[in-house]
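Peer 1: I'd like to go over a predicted model; first the sequence, then the structure.
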Amino acid sequence: MRAVCGLVLCGVAFASPQKPDFAHDIAPIIYQHCASCHRPGEAGPFSLLTYDDVKRRAPQIAAVTRSRFMPPWLPEPGHGDFQDANRLTDAQISLISEWVNQGASEGPPGDTPKPPAFTAGWQLGPPDLIVEAQKAFALSPSGTDVYWNFIFPLPLKTARFLRAVEVRPGDKRIVHHSNVIVDRSRWARALETVPGAGFSGMELTNRRSVFDPDDGHFLFWRPGGAPYVEPDGLALRLAPGDELVLNTHLRPSGKPESVRPSIGLYFTDKPQTKYPMLVQLEHDGALSIPPGNGDFLVSDDFKMPMDADILAVYPHAHYLGRLLEAYATLPDGTRRWLIRIPQWDQSWQNVYRYREPVFLPRGSVVSMRYHFDNSAANLRNPNHPPKLVGAGNKATDEMGHLWLQVLPRGTGDKRLELDEALMRHRLEKYPDDFRAHMILGALLLARANAGAAVAMAEDAVRIEPGQAEARNLLGSAYNGVGRVPEAVEQFRRAVMLRPDLVNARFNLANALVKAGRLDEAIEQYQQVLRAYPNDALAKDRLAQAMASRAKRNK
């Protein structure tokens with residue numbers, strides 16, 4: 001409110017209250033907190049850039065701000081200090097209501113500040129590289145939410161360091177949010193039924209090499225959000241052959257829509273020197289929410305194996321999520337809040353970046369406590385009457401995930417150490433988790449602990465006997481402990497399951513040499529070289545095997 005002149009009555013000075021107006025009181029609030037979405041071309045259903053725009057919606061604005069439905073900011077104050085917090089103060093909310101109740105006056109038009117200037121086109125300027133989805137996706141006019149994944153080949157001839165991405169998803173009224181995933185092994189291509197058309201799926205598993213565990217970046221887009229520019233040293237490395245997958249949440253609009261997104265990439269010459277990792281807490285295996293249960297708890301706890309900084313947090317649940325909490329208990333017993341959302345609404349999910357990194361010393365326990373409401377009182381419950389809801393990949397299923405961007409302290413890349421702790425924790429929850437056994441087996445083998453790797457690899461083969469990669473791992477573990485005949489058998493099975501798994505064929509050739517079966521080894525080396533004619537190591541091993549055979553046959 002503005003300062004006003006006093007009136008004197010019976011010798012006593014009183015302040016003359018002046019009604020709030022748009023020009024001085026309301027426009028600054030609307031322009032700061034609402035205009036980024038409520039403007040032409042953005043996701044807001046109407047514009048709020050002029051007095052007439054705001055006056056027309058004044059009672060609605062007062063109602064949605066009073067209920068804190070708008071602006072959509074979910075975290076509770078005092079439970080994490082986040083960048084770009086878009087939350088009105090109690091005084092601002094009261095001021096809006098007062099303005100509406102007193103007639104929503106404009107005030108002097110000449111005093112109204114200019115609406116904020118928004119960058120037209122790409123918000124960070126022209127990208128260094130623009131890639132577009134190969135084919136558009138046809139979104140039906142009605143039905144449930146759709147999760148569609150677009151694949152973007154990258155025409156890179158050399159490795160580049162990515163400092164920012166900007167997503168242009170198409171019509172922002174129908175694209176709720178999206179995540180960019182780096183695919184380094186072309187796993188996404190195998191999920192397409194029509195080349196270039198993309199594929200469906202909400203929750204994706206990024207099938208990466210064991211020794212390339214995670215990119216450690218939230219490449220997230222939502223309407224009204226600004227592209228995030230990575231600080232120096234945290235740029236993401238992209239290599240020739242890498243592809244991007246845009247995991248997109250779409251909502252039918254009532255008419256047929258065509259969605260064909262594009263992505264702008266911004267590079268830097270400053271290489272990556274810091275190696276964050278995305279750490280997930282979850283316990284979807286415990287998600288079986290009975291109908292009528294208004295407070296179903298799902299929890300997970302992970303002990304940090306090293307000193308680390310938490311840079312950002314991304315909580316996720318579906319329609320039954322109500323209270324979402326995450327905190328760390330330090331070794332001295334102190335609780336440090338990471339985030340608390342008392343009224344979860346998946347429509348406004350977001351990645352929350354801390355103003356300052358949250359330091360967690362080694363031994364800190366990160367805890368996830370998610371409460372779900374499967375009662376009829378939950379207005380967002382998609383089932384009427386409520387029914388049993390479990391974990392799944394549909395919008396009407398449930399999820400309880402907490403993603404943290406963790407940057408280990410110290411020099412070098414410590415992601416493998418962190419990944420090992422995560423996989424051991426996962427096996428505590430899911431003893432028959434195939435991927436965890438595979439990762440731990442490979443890590444143990446790389447540390448020359450073949451004996452321990454054997455047990456992990458045997459469990460992986462028991463769980464999924466038809467997986468060639470598991471047979472290859474078990475063969476390598478057997479070979480490491482001198483069980484060569486058994487190693488040969490496992491490598492043979494791997495090659496039978498997947499003749500294109502050249503690594504298993506190369507391992508088979510090496511084991512055959514060790515077993516003295518040179519003719520068979522030479523044949524396998526030759527097949528490796530048919531696939532990779534310029535492989536220097538395979539050429540050298542073939543030459544050695546042929547020389548050994550010639551010497552033996554003299």
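Peer 2: Noted; the coordinates are in hand. Residues are numbered from 1 along each chain as shown.
Peer 1: Show me where the protein has its helices.
Peer 2: Counting by DSSP state H, the chain has helices at residues 27-33, 51-56, 58-66, 90-101, 415-429, 434-446, 450-463, 468-480, 484-497, 502-514, 518-531, 536-552.
Peer 1: Out of those helices, which is the most enclosed?
Peer 2: helix 468-480 (a mean of 24; mean count of other C-beta atoms under 10 Å). In this view, the C-beta of every residue, glycine as well, is placed from N, C-alpha and C.
Peer 1: who's in contact with that helix?
Peer 2: 434, 438, 441-442, 445, 448, 450, 453-454, 456-458, 460-461, 463-464, 484, 486-491, 493-495, 497-498, 501, 503-504, 507-508, 510-511, 514 (C-beta atoms under 8 Å, 6 or more residues apart in numbering).
Peer 1: One more: stretch 64-71?
Peer 2: Contacting residues not belonging to stretch 64-71 are listed as 33-34, 61, 86-88, 92-93, 96-97 [C-beta under 8 Å, 6+ apart].
Peer 1: With pLDDT and distance to residue 105 added, can I get those residues in TSV?
Peer 2: Compiled in TSV, the contacts of stretch 64-71 are given as follows (pLDDT from 0 to 100; distance: C-beta to C-beta, whole Å):
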residue	pLDDT	distance to residue 105
33	94	20
34	93	19
61	95	15
86	92	26
87	93	26
88	94	20
92	96	18
93	96	19
96	96	13
97	95	14
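Peer 1: Can you pick out the most distant pair from the residues you listed?
Peer 2: 86 and 97 (19.0 Å; C-beta to C-beta).
Peer 1: Relative to residue 494, how far out is residue 185?
Peer 2: Note on residue 185: its distance to residue 494, by C-beta to C-beta, to the nearest Å, is 17 Å.
Peer 1: Can you check the pLDDT for residue 18?
Peer 2: What the model reports as pLDDT for residue 18 is 82.
Peer 1: Residue 340 versus residue 310, what's the distance?
Peer 2: Counting by C-beta to C-beta, the gap from residue 310 to residue 340 is 15 Å.
Peer 1: same question, residue 268
Peer 2: Computed as C-beta to C-beta, the residue 268 to residue 340 distance reads 35 Å.
Peer 1: if I look at residue 412, how far off is residue 364?
Peer 2: Residue 412 sits 21 Å away from residue 364, going by C-beta to C-beta.
Peer 1: If you could redo that for residue 455, that was the one I meant.
Peer 2: Distance of residue 455 to residue 364, given as C-beta to C-beta: 30 Å.
Peer 1: contacting residues for residue 357?
Peer 2: Residues in contact with residue 357, defined by C-beta under 8 Å, 6+ apart, are 309-311, 407.
Peer 1: Likewise for residue 233?
Peer 2: Neighbour list for residue 233: 270, 272-274 [criterion: C-beta under 8 Å, 6+ apart].
Peer 1: Please name the nearest non-neighbouring residue to the residue nearest to the spatial centre of the chain.
Peer 2: What sits nearest the mean C-alpha location of the chain, by C-alpha atoms, centre = their mean, is residue 218, with 5.2 Å. Once flanking residues are discounted, residue 218 sits nearest to residue 351: 4.5 Å by C-beta to C-beta, 6 or more residues apart in numbering.
Peer 1: Which residues are in contact with the one you found?
Peer 2: By C-beta under 8 Å, 6+ apart, the neighbours of residue 351 are 218, 220, 312-314.
Peer 1: now residue 344
Peer 2: Here residue 344 is in contact with 74, 315, 317, 321-324 (criterion: C-beta under 8 Å, 6+ apart).
Peer 1: Can you give me the buried ones in stretch 353-372?
Peer 2: Of the residues in stretch 353-372, 353-354, 357-358, 360, 364, 366-372 count as buried by neighbour count, 16 or more other C-beta atoms under 10 Å.
Peer 1: In those, find the pair that's most separated.
Peer 2: By the measure C-beta to C-beta, 357 and 372 form the most distant pair in the buried residues of stretch 353-372, at 30.4 Å.
Peer 1: How much space separates residue 285 from residue 379?
Peer 2: Distance of residue 285 to residue 379, given as C-beta to C-beta: 28 Å.
Peer 1: oh, I was asking about residue 545
Peer 2: Residue 545 sits 71 Å away from residue 379, going by C-beta to C-beta.
Peer 1: same check, this time on residue 398
Peer 2: Look at residue 398 and residue 379: by C-beta to C-beta, they are 16 Å apart.
Peer 1: Tell me which of these two has more neighbours.
Peer 2: Taking neighbours as other C-beta atoms under 10 Å, residue 398 and residue 379 compare with residue 398 leading, 24 against 7.
Peer 1: Quick check, that one in contact with residue 320.
Peer 2: Yes. Under the criterion of C-beta atoms under 8 Å, residue 398 makes contact with residue 320 at 5.5 Å.
Peer 1: So for the two, which residues contact both of them?
Peer 2: Residues touching both residue 398 and residue 320 by C-beta under 8 Å, 6+ apart: 289, 372, 389.
Peer 1: Just name the closest of those residues to residue 333, please.
Peer 2: Checking the shared contacts of residue 398 and residue 320 against residue 333 by C-beta to C-beta gives residue 372 as the nearest, at 28.5 Å.
Peer 1: Check what pLDDT the closest one gets.
Peer 2: Residue 372 carries a pLDDT score of 98 in this model.
Peer 1: quick one, what contacts it?
Peer 2: 287, 289, 293, 295-298, 317, 320-322, 398, 400.
Peer 1: Quickly note the distance from it to residue 305.
Peer 2: Taking C-beta to C-beta as the measure, residue 372 and residue 305 are separated by 30 Å.
Peer 1: cool, residue 167 as well?
Peer 2: Here the criterion is C-beta to C-beta. By it, residue 167 lies 34 Å from residue 305.
Peer 1: who's more crowded, those two?
Peer 2: residue 167 (22 against 17).
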